[in-house]
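Peer 1: Model the following, please.
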Amino acid sequence: MAIPFRAHALLLTTAMMVAAAPAVAQDKSKLDEVLERGHLVLGTGSTNAPWHFKSVDDKLQGFDVDMGRIIAKSLFGDPDKIEYVTQSSDARIPNITTGKVDVTCQFMTVTGERAQQVAFTIPYYREGVGLMLKADGDYADYEALKEAGSSVTVSVLQNVYAEDMVHAALPEASVDQYESVDLIYQALESGRSDAVATDQSSLAWYMTQNPDRYRDAGYGWNPQSYSCAVARGDQDWLNFVNTALHEAMTGVEFNFYADSFKTWFGKDLQPPQIGFPVEYK
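Peer 2: Now for the predicted structure:
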């Protein structure tokens, strides 16, 4: 049956109005939300030096905390505009996905499985296993340890992968496992072991706290990336956090990043090369 003229005109007018209607506004980015709120909500821990721990006056500090301060400074020009949410390691992802925090910076290793649940930023630290020696010990460096073969004993934190981890670097070494980090350092100090094997960041922090007593053997293995994480699906917010971290490591906020690195790991960073951006070489 033919459509009456008036009905046809009404349908045409309705179609034209729909076509001319403005697009429905998308949800605001987390970036807009944070700027309107006036402070950053950062998820991090409180018990693991040098990453996130309490000072003697009960203030959160550490390298992870400083990454959050870098983001806050980029947002507000003030690194202290942060509300901290202290969380356990197993709360890192849930607190992001439920919106309890804006971003988590908590020595979080990047994996494909985790990247299906959260969006990772660019890495701000590359972790790995290292070896620490006594400054006045029998072995000068990694090559000396390796050459000594089965004469070397390495103390390590107890876990099912401990022997395989050590033998990846020192195939013939004896491996003594201990129940706590303090005990692996005590074994080295007392001479029961010739070297300690643990995270390089932990070794750097320990040597910073005990200057001239220990040295790095000069070898690292088992690399893993530490990144902050945000909720998936918000490219504006992810881009902003990436920009803040990138410019701290390579641009205008490099001194902030370098000072933090020196404080927690005892190492001076060379300024980024001027001219062609190093990340594209």
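Peer 1: and the next element down the chain from the lowest-mean-pLDDT helix or strand in the chain?
Peer 2: For the chain, counting by mean pLDDT, DSSP states H and E, helix 5-20 ranks last in confidence among helices and strands (a mean of 41). As assigned by DSSP states H and E, the chain's next helix or strand after helix 5-20 is helix 30-37.
Peer 1: quick one: buried residues of that next one?
Peer 2: Residues Lys30, Leu31, Val34 are the ones in helix 30-37 that count as buried (16 or more other CB atoms under 10 Å). Backbone N, C-alpha and C define where each C-beta goes, glycine included.
Peer 1: Quick check: the last one touching Leu75?
Peer 2: It stands for Val34. Yes: the criterion here is CB atoms under 8 Å, and Val34 meets it with Leu75 at 6.3 Å.
Peer 1: which stretches of the stretch 1-150 of the chain have low pLDDT?
Peer 2: 1-26 (pLDDT under 70).
Peer 1: those strands in it, which residues are they?
Peer 2: According to DSSP state E, counting those that start in this stretch, the stretch 1-150 of the chain carries its strands in the segments 40-44, 47-48, 52-54, 60-61, 82-86, 103-104, 119-134.
Peer 1: CSV for the ones you listed, including distance to Arg192 and mean neighbour count?
Peer 2: Output for the strands of the stretch 1-150 of the chain, formatted as CSV (distance: least, CB to CB, whole Å; neighbours: other CB atoms under 10 Å):
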stretch, distance to Arg192, mean neighbour count
strand 40-44, 35, 25
strand 47-48, 26, 14
strand 52-54, 28, 19
strand 60-61, 33, 20
strand 82-86, 36, 16
strand 103-104, 38, 28
strand 119-134, 12, 20
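Peer 1: any chance of those strands in JSON lines, with distance to Glu113 too?
Peer 2: As requested, the strands of the stretch 1-150 of the chain are exported to JSON lines (distance: least, CB to CB, whole Å):
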{"stretch": "strand 40-44", "distance to Glu113": "19"}
{"stretch": "strand 47-48", "distance to Glu113": "22"}
{"stretch": "strand 52-54", "distance to Glu113": "23"}
{"stretch": "strand 60-61", "distance to Glu113": "28"}
{"stretch": "strand 82-86", "distance to Glu113": "23"}
{"stretch": "strand 103-104", "distance to Glu113": "16"}
{"stretch": "strand 119-134", "distance to Glu113": "12"}
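Peer 1: per the record, what domains does the chain have?
Peer 2: Structural domains of the chain, as assigned by automatic domain parsing, span the residue ranges 28-118+231-280, 127-223.
Peer 1: one step back: could you single out the nearest of the buried residues of helix 30-37 to Gln158?
Peer 2: Using CB to CB, the shortest approach to Gln158 within the buried residues of helix 30-37 belongs to Lys30, at 40.6 Å.
Peer 1: Would you confirm that that closest one contacts Gln235?
Peer 2: No: with contact defined as CB under 8 Å, Lys30 does not reach Gln235; the gap is 10.4 Å.
Peer 1: what sits against the closest residue to Val118 other than its chain neighbours?
Peer 2: Ranked by CB to CB, 6 or more residues apart in numbering and with sequence neighbours excluded, the top spatial neighbour of Val118 is Ala229, at 4.2 Å. Ala229 makes contact with Arg92, Ile93, Ile96, Val103, Thr104, Met108, Arg114, Val118, Ala119, Phe120, Thr121, according to CB atoms under 8 Å, 6 or more residues apart in numbering.
Peer 1: Distance to Lys146 for these - can I get that in TSV?
Peer 2: TSV is the format used below for the contacts of Ala229 (distance: CB to CB, whole Å):
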residue	distance to Lys146
Arg92	37
Ile93	39
Ile96	42
Val103	41
Thr104	38
Met108	32
Arg114	34
Val118	39
Ala119	40
Phe120	34
Thr121	36
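Peer 1: quick one, helices of the stretch 101-250 of the chain?
Peer 2: Ranges of helices in the stretch 101-250 of the chain, per DSSP state H, counting those that start in this stretch, are 112-115, 142-148, 162-169, 181-190, 200-209, 235-250.
Peer 1: Dump the ones you listed to CSV, plus distance to Phe265.
Peer 2: What follows is the helices of the stretch 101-250 of the chain, written out as CSV (distance: least, CB to CB, whole Å):
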stretch, distance to Phe265
helix 112-115, 24
helix 142-148, 19
helix 162-169, 20
helix 181-190, 17
helix 200-209, 4
helix 235-250, 14
